[in-house]
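S.K.: Give the three-dimensional model of this entry:
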Amino acid sequence: MKGKNYLLLASMLLCTFTGIAQSVTPSAARFDNTKISGSTREQRGSMECIDRANNGTARQNAFQQEEPTTVYLQSFEKDCDWKVIDAANKMTLGKISGQYPIDGEYNLLSGYDQKAARNAWAISPAIPLEKDKTYYVSVWCYVPGFENTPEEFEIVTGNSANMEDLTNVLLDYKGDKAFSSKEWQKVQTTFTPEESGDYYFSIHHCTSSLYVNVTGFDRFYIGTEPDTFVQVIPVPRPTPEGEQLNYMTYFDDVYYGYTEKGGKVVYGEKDSVFIQGIAAQMPLAWVYGIKKDNTIEIPVGQYLGIKQSLSGSNDMYLFAGTDYVPNENNPAQFTYTPMESLQLRIDGDNLKTDEGIVIVQSASKSGVPYNGAIHFEMRPFNEKAIIPSASAEKKIYEISYTSTKNNGGKVSYMTNVALSGDTVFIQKASYYMQYMTDSWIYGISNGKTITFPSGQYIGNYIGDAPFPTYLYGATVTGTDEDGENTYELKENYTLNIEGDTFSSPDYYVMHLGGIISEGCHDLTLKEFKLIPAIPAAATDLSCTSVPADNLRIYYEPKDQDGNRILEDSLYFRIYFDDELYTLIPTSEGGNYKNLTRKMTEIPVGFSDGYDIFGTLSQNRCQIYVYAEFEKVSIEMVYHMGDKIGTSPRIVWTRTDGLIGTEGEGGLTGIHQPGIEREIVHTITYNVYGQPVRPDEKGILIKVDTFDDGSIQSRKVFNK
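M.R.: Here you go, the predicted model:
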């Protein structure tokens, strides 16, 4: 088993178990309020657990009469009165991440224990049943299993709440009867008591292996007829048909302050109006309203979708109100007077509220608001970002700058520069812009300087919503009470030209969401030469055997002289006891289930999501290996044109750990494609090392694999 790292966190109300178990003091019946999170390579599932007030002693009326045929029903809500016996303290109330409870807000959960197989009991209170009367018994279960191991459990009954007396097995899913399902399944049977009296029922999670997963149980039912309950799952409103008009939303978020985000409006048939962006923290959700004269009436209670947070996931709904009263100590806990609908006033092309507040919260109007927005307004937004034409000359540049979004540290990577007459375009010129699609800033060159107009629209940064983003030149004027820079905006930003280098010590800022969100300075761009090179040796290498043999490789994308090289063309080879290691997919008899082909050279940023985890931003790779070895060595490989550069090998042994490097780097030619070889597989990367479609525009690196197993990279330019 691999990846069994975990992190302990404190919690007051909600706790999250994410794919890992915790060692705790055994207890007969306690719903723990500890928050635990962690991860596994194959996610075992996660569950959100509710705190049990008074150590689980709160009770409810056990005999919930839904209909005349229902004798007993337990949906495992907060006031559940079942007794739990679990030495590992992994059975509790909560909900499984990514799964809706069958009935109500919560369900019964049973986690897994790293140290032992599961033996957890949830035992009902006494339930009076009549002699010779047939009862239908059912429960919903979520039993995903782990890898090839199914879950095991049983439903048992007896005449007392003691485990030793619960011997009558009603449903048996142990041993070869165990099964796995990644969806909720209802299991049911019948039970005919031989005597009238009180009976106790138990859900017994009883596995023969510790390699199991988070399991769930819900809606335990006893009745004179089968349970016909049907689960109802709320569904967000789909994207409406019709022309989507772009808008900007402006509002005061009660928690985050003044905010600007992108939104959309669709005018439908019969005065129907659909709006995206009206819910402050669920801005991608669509809601509907009806146009009446100069207002749009939006009914409250509309389902918005699921909001994910560190404390779990919650279903969110739209509400509205008046008489907003802020809570200065906790802005999210404001009070208001609910309204039956939200009124948007039509003011020319704009839409706005007058005195209302837009509410996002879970469950009902009696619940605690999750968020609110006042002074809400929408205005049409028709700006277009200026980008280079397909005919513009594009070159690769190395870009570096200091960014407040990188904690005041330097950022460096490869980017594109496009030249069209006297106009110069720079792609991904800030930390935020790295995460924006096809984002460029433009300036006018006079041969000595490049002047970038302030206020130019760059595009939308996509966070929880589209944030229109603008470039401004700026001067630092001081700091605020939080120690953040304050700025005075300038009319433009200027770069100096010196040969093939552009640079400036001045500041420029990214204005998005209504505020200055990033400040950058000391921008330098230097044209990158695509020439063969001998790569520098990897900077560090380690091997651990927990949970299985895995290597951690660190490197710098530089040549042996310290010059930057293209990460798209940088690979590494693994040698065990001086023999080249080949990664073979399981489909070809190997151990790598997510690979589609054999690999002897691994791109530095490559990840398969299971065994190989390359991280370009950290210049590292972790890889699980399946071989017996004493010595491991890593060779960096750089492909450029018809040349291959190889580095000295960094060496680690089980006896001595990291030893250093051995051998010398070199530069050799590679065999050119010919009629004796055929390409069997091609992967296309952009200049940032990200896999892209073969028809992506711009400068691309194509890595060809031939039928003889050889690999070759080539640079192409798609117009």
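S.K.: Now do the contacts for Thr192.
M.R.: 132-135 (CB atoms under 8 Å, 6 or more residues apart in numbering). Every residue, glycine included, has its C-beta placed from N, CA and C.
S.K.: please redo it, this time with the cut-off set to 6 Å
M.R.: With contact set as CB atoms under 6 Å, 6 or more residues apart in numbering, Thr192 has these partners: Thr134.
S.K.: So for it, what's the pLDDT?
M.R.: On pLDDT, Thr192 comes in at 97.
S.K.: Do I have it right that Tyr624 meets Pro547?
M.R.: No. The pair Tyr624 / Pro547 is not scored as a contact, 9.3 Å apart, by CB atoms under 6 Å.
S.K.: more neighbours, these two?
M.R.: More neighbours surround Tyr624 than the other of Tyr624 and Pro547, with 19 against 14 (other CB atoms under 10 Å).
S.K.: Can you name the residues bridging to the more buried one?
M.R.: Asn550 (DSSP bridges).
S.K.: Distance of it relative to Lys182?
M.R.: 24 Å (CB to CB, to the nearest Å).
S.K.: got it, and Lys83?
M.R.: In terms of CB to CB, Lys83 sits 29 Å off from Lys182.
S.K.: more crowded one of these two?
M.R.: Using other CB under 10 Å as the criterion, Lys83 and Lys182 rank with Lys83 on top: 16 against 13.
S.K.: How many residues are close by the nearest residue to the more buried one once chain neighbours are set aside?
M.R.: Of all residues not flanking Lys83 in the chain, Ile123 sits nearest, at 4.6 Å (CB to CB, 6 or more residues apart in numbering). Ile123 has 21 neighbours, counted by other CB under 10 Å.
S.K.: For Ile123, give its distance to Ile96.
M.R.: Distance from Ile123 to Ile96, by CB to CB: 22 Å.
S.K.: Kindly report the same for Phe76.
M.R.: 12 Å.
S.K.: Show me which of these two is the more surrounded one.
M.R.: The residue with more neighbours, out of Phe76 and Ile96, is Phe76; 28 against 22, by other CB under 10 Å.
S.K.: what does the model give that one for pLDDT?
M.R.: 95.
S.K.: What of Ile683?
M.R.: pLDDT, Ile683: 79.
S.K.: who's it bridged to?
M.R.: Assessed by DSSP bridges, Ile683 has beta-bridge partners Val703.
S.K.: Touching, it and Val703? I think so.
M.R.: Yes. The criterion here is CB under 6 Å, and Ile683 meets it with Val703 at 4.9 Å.
S.K.: more crowded one of the two?
M.R.: Val703 (20 against 17).
S.K.: isn't the more buried one right up against Ile679?
M.R.: No. Applying CB under 6 Å, one finds Val703 not in contact with Ile679, separated by 10.3 Å.
S.K.: Tell me where the protein is predicted with low confidence.
M.R.: 1-67, 309-312, 363-368, 670-678, 680, 687-691, 707-710, 715-719 (pLDDT under 70).
S.K.: where's the closest residue to Tyr554 other than its chain neighbours relative to Met599, distance?
M.R.: Excluding its sequence neighbours, the residue lying closest to Tyr554 (CB to CB, 6+ apart) is Asp540, at 4.0 Å. According to CB to CB, Asp540 and Met599 sit 22 Å apart.
S.K.: Glu130 too?
M.R.: Relative to Met599, and taking CB to CB, Glu130 is found at 68 Å.
S.K.: swap in Asp227?
M.R.: 52 Å.
S.K.: Give me the domain ranges for this structure.
M.R.: 5-223, 245-380, 393-527, 540-718 (automatic domain parsing).
S.K.: quick one: contacts for Tyr135?
M.R.: 191, 222.
S.K.: chain center to stretch 480-499, what's the gap?
M.R.: Its chain's average C-alpha position is 33 Å from that of stretch 480-499, according to CA atoms, centre = their mean, to the nearest Å.
S.K.: And it, what's buried?
M.R.: Using 16 or more other CB atoms under 10 Å as the test for burial, stretch 480-499 gives 485, 487, 490, 492-493, 495.
S.K.: for the residues you listed, which one is nearest Ile699?
M.R.: Checking the buried residues of stretch 480-499 against Ile699 by CB to CB gives Leu495 as the nearest, at 21.4 Å.
S.K.: Each with direction, which strands does the helix or strand where the closest one lies pair with?
M.R.: Take DSSP states H and E as the rule and Leu495 turns out to sit in strand 492-498. Counting by DSSP bridges, the strands paired with strand 492-498 are strand 449-453 (antiparallel), strand 501-504 (antiparallel).
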